[in-house]
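Student: My questions are about this predicted structure, shown below with the sequence.
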Amino acid sequence: SDYTGASRVGATACEASEWESDSSMRCLSSGGVQTLRVAATAAARVGSETEGMAYDTSCTSCLAGTYSTAGSSACTPCPAGTGSASGSDNLTDCKCLAGHSGTVDGAACSACETGGYKAATGAGKCSTCPAGTSSASGSDAL
């Protein structure tokens with residue numbers, strides 16, 4: 001089916017939108033991509049012209065620690081050991097938490113082992129504690 005909208009009437013928090021299905025629309029706003037669930041739709045086709053109306057709920061940003069990509073109808077939790085800012089719209093927005101290591105953004109990260117630490121967020125390795133010191137698993141500071 002073709003869910004392309006030709007025009008939009010009324011107020012919305014969306015700067016741009018696109019239909020995902022008969023009952024879901026993606027909303028792009030300055031806070032990121034959100035998903036709108038359409039409560040009611042109506043359309044009519046006469047000859048080559050289509051007229052339609054949709055009523056939808058307000059946009060809400062994905063919470064911190066989640067993201068929503070194009071084609072998704074819900075916010076998805078970030079992989080283990082990662083986090084994201086609210087309104088994230090891509091898996092790669094999920095970055096390793098401090099105290100966790102990983103090779104790329106968007107993949108699960110592991111807690112630093114005992115005797116290691118990592119203060120920064122994002123992909124990277126844990127550092128080894130200096131001689132004569134130690135740390136607990138998942139430490140984020142020297």
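Tutor: Ah, there it is.

Student: which one is Val104 nearest to, not counting chain neighbours?
Tutor: Ala123 (5.4 Å; CB to CB, 6 or more residues apart in numbering). No exception for glycine: its C-beta is placed from N, CA and C like everyone else's.

Student: Any figure for the gap between that neighbour and Cys75?
Tutor: 22 Å (CB to CB, to the nearest Å).

Student: And these two? Which one has more around it.
Tutor: Taking other CB atoms under 10 Å, Ala123 and Cys75 do not tie; Cys75 has more neighbours (23 against 18).

Student: and the more buried one, what is it in contact with?
Tutor: 35, 62-63, 66-68 (CB atoms under 8 Å, 6 or more residues apart in numbering).

Student: separation between Leu97 and Gly132?
Tutor: 27 Å.

Student: The two: who's more crowded?
Tutor: Comparing Leu97 with Gly132 by neighbour count (other CB under 10 Å), the higher total belongs to Leu97, at 22 against 5.
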